[in-house]
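Asks: Turn this into a structure:
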Amino acid sequence: MFLRTISLRDSAEMDNSSYPFTIPVIRNFRELELTGNVTFFVGENGSGKSTLLEAIAHQAGFNTAGGSRNNLYEVHRSGSVFGEHLRFSWMPKVTEGFFLRSETFYDFASHIDELQKIDGRAYDAYGGRSLHEQSHGESFLSLFNNRFRKGLYLLDEPEAALSPLRQLSLLKIIHDMESSGRAQFIIATHSPILMGYPNSRILDFDGDRITEVEYEDTDHYNITKDFLNARERYFRELFR
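Replies: Residues are numbered from 1 along each chain as shown. Got it, this is the predicted structure:
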């Protein structure tokens, strides 16, 4: 592990009447101790999981538009107000890593195209060709396979571009990296496949405060399992 503790530096300076401090989990956040190399943030849309992940990226020095410390470009509304209020405890501190922000990955791919025009070597870290010339899922896997090496990796809904089979490929990449002690992952996800990763910690954002939850107790697992086992019952309720 690298990042051990995330804590609030100055709650008195937060404006609880403005976003994102109107989100209950963010408003009540004080400290989060990380106890393993793979941590999942889960919860409904708007619960604050992506907001906290983005704030971690900000405080870690990564580009909150998506990328590492060295990817200097901007997209609309990619800053983090909450990140300015956090402080970290590292052991040891690392500067390597990456913030995958699925919703702005197109902009990141365009940024890499611009870098390629400048020095002709930017594609080397992404399989040798433009991310725009690959399918959405292929471009994600090119990033994972070629760019991920060592450090802190923050992934915001990586399943957005991945089929179930490709999600299993991502789990293999995570296992190879974290089990060797080279990487730590914090992942915001809705995928019951990803959050099933063995010996990981799942933190639920659906409530006033972050709580730890077992895999089989997540809504994602139970709704998916129930639907697969009795989808006709769901259709009868939904379409009546």
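
Asks: what residues are up against the nearest residue to Ser142 once chain neighbours are set aside?
Replies: Counting by C-beta to C-beta, 6 or more residues apart in numbering, Gly127 is the residue found nearest to Ser142 once chain neighbours are left out, at 4.1 Å. (Each C-beta comes from the backbone N, C-alpha and C, glycine too.) Taking C-beta atoms under 8 Å, 6 or more residues apart in numbering, we find Gly127 in contact with Gln134, Ser142, Asn145, Asn146.

Asks: same deal with Lys150?
Replies: Lys150 makes contact with Val94, Glu96, Met177, Arg182, Ala183 under the criterion C-beta under 8 Å, 6+ apart.

Asks: just curious, which of the residues you listed is nearest to Val75?
Replies: Closest approach between the contacts of Lys150 and Val75, by C-beta to C-beta: Glu96, at 22.7 Å.

Asks: show me what contacts the closest one?
Replies: For Glu96, the contact set (C-beta under 8 Å, 6+ apart) comprises Ser68, Arg149, Lys150, Gly151, Leu152.

Asks: which one in those is the model shakiest on?
Replies: Lowest in pLDDT among the contacts of Glu96 is Ser68, which has 82.

Asks: Could you pull up the residues touching it?
Replies: Residues in contact with Ser68 (C-beta under 8 Å, 6+ apart) are Phe62, Glu96, Gly97, Phe98, Phe99.

Asks: For Glu178, see how far away the closest residue to Asn199 other than its chain neighbours is.
Replies: With C-beta to C-beta, 6+ apart as the criterion, Asn199 has its nearest non-adjacent residue at 6.8 Å, and that residue is Gly36. Using C-beta to C-beta, to the nearest Å, Gly36 is found at 9 Å from Glu178.

Asks: The two: who's more crowded?
Replies: Remark: of Gly36 and Glu178, Glu178 carries more neighbours, 20 against 12, as counted by other C-beta atoms under 10 Å.

Asks: Give me the pLDDT value at that one.
Replies: 94.

Asks: show me the contacts for it.
Replies: Contacts of Glu178 by C-beta under 8 Å, 6+ apart are Asn37, Val38, Gln184, Phe185.

Asks: thought the first one was touching Phe185?
Replies: When you say that, I think you mean Asn37. Yes: between Asn37 and Phe185 a contact is recorded at 6.7 Å, counting by C-beta atoms under 8 Å.

Asks: With secondary structure and distance to Asn222 added, can I get the contacts of Glu96 in TSV?
Replies: Output for the contacts of Glu96, formatted as TSV (DSSP: H, G, I helix; E, B strand; the rest coil; distance: C-beta to C-beta, whole Å):
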residue	secondary structure	distance to Asn222
Ser68	coil	36
Arg149	coil	36
Lys150	coil	36
Gly151	strand	34
Leu152	strand	31
